[in-house]
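Q: Here is my input, please return the structure:
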Amino acid sequence: MAAGILETGCTQEEAETRAALLEVESYAVSLDLAVDPGTVRSRAEIRFRCREPGAATFADLRVPAVRRVVWNGERLDPGAAVSGGRLRLDGLAERNVLTVDADAPYAPDGLGLARFADPADGAAYVLGNCFPTSAPSVFCCFDQPDLRADLTLTVTAPAGWECVANGAVTSRPDPGAAGTWRFARVPAMKPYELALCAGPYGIAGEEEYHGAGGAVRTSVRCRRTLAGSAGLARVGGLVRQALAWYERTLGVACPYPKYDVVFAPELGPTAVSLPGVMAVSETMLHRLSDPEDDFAPLVLAHEVAHLWFGCLVEGRWWDDLWLAEALATYLSYTAWEEALGTDSPWRAFCMREQAAAYCADSLPSTQPVSSPVPDASSALARPSAITYAKGASVVRQLAALIGDEALRDGLRDYLTSYGGTATTLGDLVTCWSKASGRDLGEWAGQWLRTPGVSTLRPELTLAADGTVRSLAVVQEPPPGAARPAPPAGGEEPPPGARALRTHQVAIGVYDARGGRLRRRQMTRAELAGARTVVPALAGTPAPDALILNDGDLTFARIRFDGRSLRALLACDMDLDDPLTEAVCWNAAWDMTTAAELSVAEFTGLVARRIAGGLPPAGVAELLEHVRAGADYYAPPADRAGLRERAAAAVLDGARRAQPGSRTQRALAVGFAAVAHGEDQLGLLRSWLHGTSLPDGVAPDLQLRGQILATLSASGLADDEDIDAVAAADPVGGEALRAA
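A: The predicted structure follows:
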C-alpha cells in the first residue's frame, strides 16, 4: 500500500456513471523532467468515445498549474474549466480528443512524482508511482479501475539518466546524452498504473526468461552508489523462478514482454508491481543479502503475482482490492513452497501474518474482506491484515474445501475469461463454482462478506476403556454477531448465520513420545453450524493431544480440551509438524490476550522451550509476543521481572546455539528486544561496541538497530551511538535516527 494521505478521488456512484458513459481508447502521456528541477511539464492526450453524445462528464486533474486545455479542437479557459481537481467536459461528441498541458508537482510523501537527491554523490532520481489515487497529480485522466486504455509514454530526461517505464524502450538518446525516451504502447492500463523510474540508475543484472508466451526480458537496477549491495545478485533468479511457476500453475503466459525490477529511493511501500515494472524499497537490499531470509523472496514472489492479479485482471471497484492482494499473498506462499521447497513458508505465514489477522479481525472496528466502500481511500483504510492475510487464509480454506486443482482451474478460467478487464467478486466465485461443481455463493457470503473470526472448541468424551467415545466440534460466532436463527422465506440470513461458517479442517491426533508430541493420525472433517459430530475417531485410543486445525487449513481461533492443553504445556509446544506447532503457538498467545492463560505462563512456556535447546522456528515472533505481554498485559509490578526472565533464557540460548546460525541471530536480536534491567542493558551497550557478544554473533545493522531501540527507550543511547549506526546504513540510516 502507498504511504501518506490519499486523495479521495471520485466516488463509486460517480465512477459507475462515468464508466457507463465513456469508453477510453488511449492515453499519450509526455513528461519533461529536464526543463525545471522543481516541477515536471506534463501533457496528456486522451482519445475516448461517448455512448450518449451531448452528455457531460469530468476528467481528473490535481496540479498546481494548468497551461493549456484543448477539447475537440476548441481551446478552453483552464481557470474556468478546472476546479476542485476536476476538468469539466460539456457537450461530449461520439468521438472525443482532450489535450491538457500542466505543471505536475514533486510530492514530499512519495505519492505521484517524487524527486530524491543521493546524499552520497548528489545525483538526482525521479520516481513516478501513481497507485492508488495519484495519477491526476501527474497527468489528466479518467482515474478509476474500470476505465482501462492503451497508454504510450514519452519522457524527456537530463544527460546521464536512464529511464524505466511500463513499456519497453523504443527509442532513446545516445548513451549519456540528454533527450527524449519513447516507450512502447501498453494495452489496457489503468491510469494509476503508470510507473516511471528515472535517474543515473545502474543495471545490476539483465537476462531473458523464456516461458510459455515467449521471451520476457528481465532486469535489476539500483542507484549507482548501491551497486555493491550483496542482495542484488539474487533478485533476477528469484523473479524468473516465480515467473516460471505462475505461468505453469495459472496456464496463462506472463502478460508483459519485459519486467524491470528497480530498487527505488523514496518508495513508500515495501514494493509495488505495475505492468512491466516492479519498484522495490531499497530497505529490502539488506534482507536480500541474507540467503536464509525468507521474507524478501516472498515479497518478490508476491509482486510477480500481481502481473496476473492486479495488472491483467483487477476488481471493478475498490471494495474488491482484496482480489489482487489476497490472491497474490496466497500464490506467493504456495509458489515458494512448491517451486523452492523452502522451510515451511506457511508456518512463517501462520506466525507472522495470520496472528496479526486474528488480532485485527477481533477488534470492534474490523471489516469484511470485501464490502462496499464509497472511494479508494476508504478501501485503503481497511487493515492490511484483513485484506492480505485474512484474505489469503480464506483462499487457503477454499483450497481445502474444493481441492487445489479446482481452485487453480477456477483461477485459470478467471484469467482467460476476464484478462484485460475489470471484474467483481461474483465473477471469480462463479469461476470457482464451475471448476468445483459446488455453488460457492453462500461460502463467499460467510467468508468474504462477513467480518470477525469464529472459535472452534472440541467436545471430547472418553470411554471407560480409554478409547474415544465421541468427538464433536463446537463453533462459536465472532463476539457481537447475532445468534443464528432460521431465515424467513427469501430473506437475507441474519449475521450470526453467516458468522457460523463452513470449515474444512484437519483434526490431528498426537501422542507424547520422548518429550515431543508426534502425530498418530489425521482426519478431515467439514464443519457447519454450531456443532458438528466427527465420528471418525470413535473407538480409537485416547490421544494425549487433539489439535482441531492441524495443518492450518482454516481461519479460526481454536481452543484445546483440558487433556490436550496439559500435554502441550508439558512438552513446551514441541510438535513434530512445524505448521501445526505454529497453530498451537497462535492459540496460546490468543488465550493469553483473552486472559485464559496468564502472561507468566506464556512467558515461562517460551523460556522453557528456548532453554530446552530447540527454539521454535518462529522464535522472533514469539519473543515479540513476550515483550507485548510483559509491557501491555501483565500486572505493572510483574513486567520488569517477566522481561528479565525471558531475556535471560534468550541470552543463554544465543550462547549455546550453533555459532553463526540463523537461530542464533534470531535469539541475539530477540535478547536485544526484550532485555531489561541494569545488567542486561549494560551488556547491550557492550554488544553495541562489539564486545561480549556470543561466539558467532556479529553486530550487524539489524542487531545494532534493535540494541539502539531498546537503549533509547531506557534513555541509555547517546547521539554518537545513533549517528554511527545511521552513517553505516545509506538506505535506512535517517529513518533509524528518527525512530
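Q: Could I get the full set of strands for the stretch 301-450 of the chain?
A: Along the stretch 301-450 of the chain, the stretches classed as strands by DSSP state E, counting those that start in this stretch are 314-315, 422-423.
Q: out of these, nearest to residue 723?
A: Comparison of the strands of the stretch 301-450 of the chain against residue 723 by C-beta to C-beta identifies strand 314-315 as nearest, at 44.8 Å. Where C-beta positions appear, they are placed from N, C-alpha and C, glycine not excepted.
Q: Would you convert the strands of the stretch 301-450 of the chain into CSV that also reports distance to residue 395?
A: Compiled in CSV, the strands of the stretch 301-450 of the chain are given as follows (distance: least, C-beta to C-beta, whole Å):
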stretch, distance to residue 395
strand 314-315, 15
strand 422-423, 16
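Q: Mean neighbour count, these: which tops it?
A: Greatest average neighbour count among those goes to strand 314-315 (a mean of 23), per mean count of other C-beta atoms under 10 Å.
Q: okay, now the residue nearest to residue 329 when sequence neighbours are not counted: neighbour count?
A: The shortest distance from residue 329 to any residue other than its chain neighbours is 3.8 Å, reached at residue 392 (C-beta to C-beta, 6 or more residues apart in numbering). Using other C-beta atoms under 10 Å, the number of residues around residue 392 comes to 29.
Q: show me the contacts for residue 392.
A: When contacts are counted by C-beta atoms under 8 Å, 6 or more residues apart in numbering, residue 392 is found next to 326, 327, 329, 330, 333, 349, 353.
Q: Reformat those residues as JSON lines; add distance to residue 724 and neighbour count.
A: Converted to JSON lines, the contacts of residue 392 look like this (distance: C-beta to C-beta, whole Å; neighbours: other C-beta atoms under 10 Å):
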{"residue": "326", "distance to residue 724": "42", "neighbour count": "26"}
{"residue": "327", "distance to residue 724": "44", "neighbour count": "22"}
{"residue": "329", "distance to residue 724": "37", "neighbour count": "27"}
{"residue": "330", "distance to residue 724": "42", "neighbour count": "25"}
{"residue": "333", "distance to residue 724": "38", "neighbour count": "21"}
{"residue": "349", "distance to residue 724": "36", "neighbour count": "26"}
{"residue": "353", "distance to residue 724": "34", "neighbour count": "20"}
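Q: Relative to residue 722, which of the strands of the stretch 301-450 of the chain is closest?
A: Per C-beta to C-beta, nearest to residue 722 of the strands of the stretch 301-450 of the chain: strand 314-315, 42.7 Å.
Q: what helices or strands is the closest one leaning on?
A: Contact here means 3 or more C-beta pairs under 8 Å, 6 or more residues apart in numbering; DSSP states H and E; on that basis strand 314-315 packs against helix 322-339, strand 422-423.
Q: Can you lay out the contacts of residue 392 as JSON lines showing distance to residue 172?
A: Rendered in JSON lines, the data for these read as follows (distance: C-beta to C-beta, whole Å):
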{"residue": "326", "distance to residue 172": "39"}
{"residue": "327", "distance to residue 172": "36"}
{"residue": "329", "distance to residue 172": "36"}
{"residue": "330", "distance to residue 172": "39"}
{"residue": "333", "distance to residue 172": "39"}
{"residue": "349", "distance to residue 172": "42"}
{"residue": "353", "distance to residue 172": "41"}
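Q: Let's have those in TSV, adding distance to residue 255 and pLDDT.
A: What follows is these, written out as TSV (distance: C-beta to C-beta, whole Å; pLDDT from 0 to 100):
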residue	distance to residue 255	pLDDT
326	20	96
327	15	97
329	19	97
330	19	97
333	22	95
349	26	95
353	27	94
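Q: of those, closest to residue 53?
A: If you rank the contacts of residue 392 by distance to residue 53 using C-beta to C-beta, residue 327 comes first, at 39.4 Å.
Q: Now that closest one. Nearest residue, chain neighbours left out?
A: Leaving aside its chain neighbours, residue 327 sits nearest to residue 309 (4.4 Å; criterion: C-beta to C-beta, 6+ apart).
Q: for the strands of the stretch 301-450 of the chain, which one sits closest to residue 298?
A: Set against residue 298 and scored by C-beta to C-beta, the strands of the stretch 301-450 of the chain come closest in strand 314-315, at 21.4 Å.
Q: Would you check how far apart the residue nearest to residue 329 and residue 346 are?
A: Applying C-beta to C-beta, to the nearest Å, the value for residue 392 to residue 346 is 10 Å.
Q: who touches both of these two?
A: residue 333.
Q: where in the stretch 401-550 of the chain is pLDDT low?
A: Under the criterion of pLDDT under 70, the regions of the stretch 401-550 of the chain flagged as low confidence span 480-498.
Q: do that again at 80, thanks
A: For the stretch 401-550 of the chain, applying pLDDT under 80 flags the ranges 480-499.
Q: same deal with the stretch 251-400 of the chain?
A: Judged against pLDDT under 80, the low-scoring parts of the stretch 251-400 of the chain cover residues 340-343.
Q: residues contacting the one residue sitting closest to the centre of the chain?
A: With the centre of the chain defined as its mean C-alpha position, the nearest residue by C-alpha atoms, centre = their mean is residue 388, 5.3 Å away. When contacts are counted by C-beta under 8 Å, 6+ apart, residue 388 touches 325, 326, 329, 353.
Q: mind listing what the third one touches?
A: Spelled out, it's residue 329. Contact analysis of residue 329 by C-beta under 8 Å, 6+ apart lists 302, 353, 388, 389, 391, 392.
Q: how about 10 Å then?
A: The neighbours of residue 329, taking C-beta atoms under 10 Å, 6 or more residues apart in numbering as the test, are 298, 301-302, 305, 309, 322, 349, 353, 387-393, 395-396.
Q: same deal with the first one?
A: Each residue near residue 325 by C-beta under 10 Å, 6+ apart is listed here: 1, 302, 305-306, 309-310, 369, 384, 386-389, 391-392.
Q: mind showing which ranges of the stretch 51-200 of the chain have poor pLDDT?
A: Counting by pLDDT under 80, the low-confidence segments of the stretch 51-200 of the chain come to 109-110.
Q: How are the strands of it distributed by residue range?
A: Taking DSSP E, counting those that start in this stretch as the test, the strands found in the stretch 51-200 of the chain are 57-60, 65-71, 74-76, 82-83, 86-89, 95-105, 112-117, 124-129, 149-157, 162-165, 169-171, 179-183, 186-189, 195-199.
Q: again, but for the stretch 601-739 of the chain
A: Along the stretch 601-739 of the chain, no stretch is classed among the strands by DSSP E, counting those that start in this stretch.
Q: where along it do the helices fall?
A: All helices of the stretch 601-739 of the chain, identified by DSSP state H, counting those that start in this stretch, fall at 619-628, 639-656, 662-674, 678-688, 701-713, 719-728, 733-738.
Q: Likewise for the stretch 351-500 of the chain?
A: 355-360, 376-380, 384, 391-402, 404-418, 425-436, 441-447, 495-499.
Q: could you give the angle of the fourth one to helix 322-339?
A: Right, the one you point to is helix 391-402. With axes from the mean of the first three to the mean of the last three C-alpha atoms, to 10 degrees as the basis, helix 391-402 and helix 322-339 are set at 70 degrees to each other.
Q: Make 701 the first number, not 1, from now on.
A: Sounds good: first residue 701 from here, last item helix 1091-1102.
Q: What segments of the stretch 901-1050 of the chain are helices?
A: In the stretch 901-1050 of the chain, the segments counted as helices under DSSP H, counting those that start in this stretch are 932-950, 984-988, 995-1005, 1022-1039, 1045-1049.
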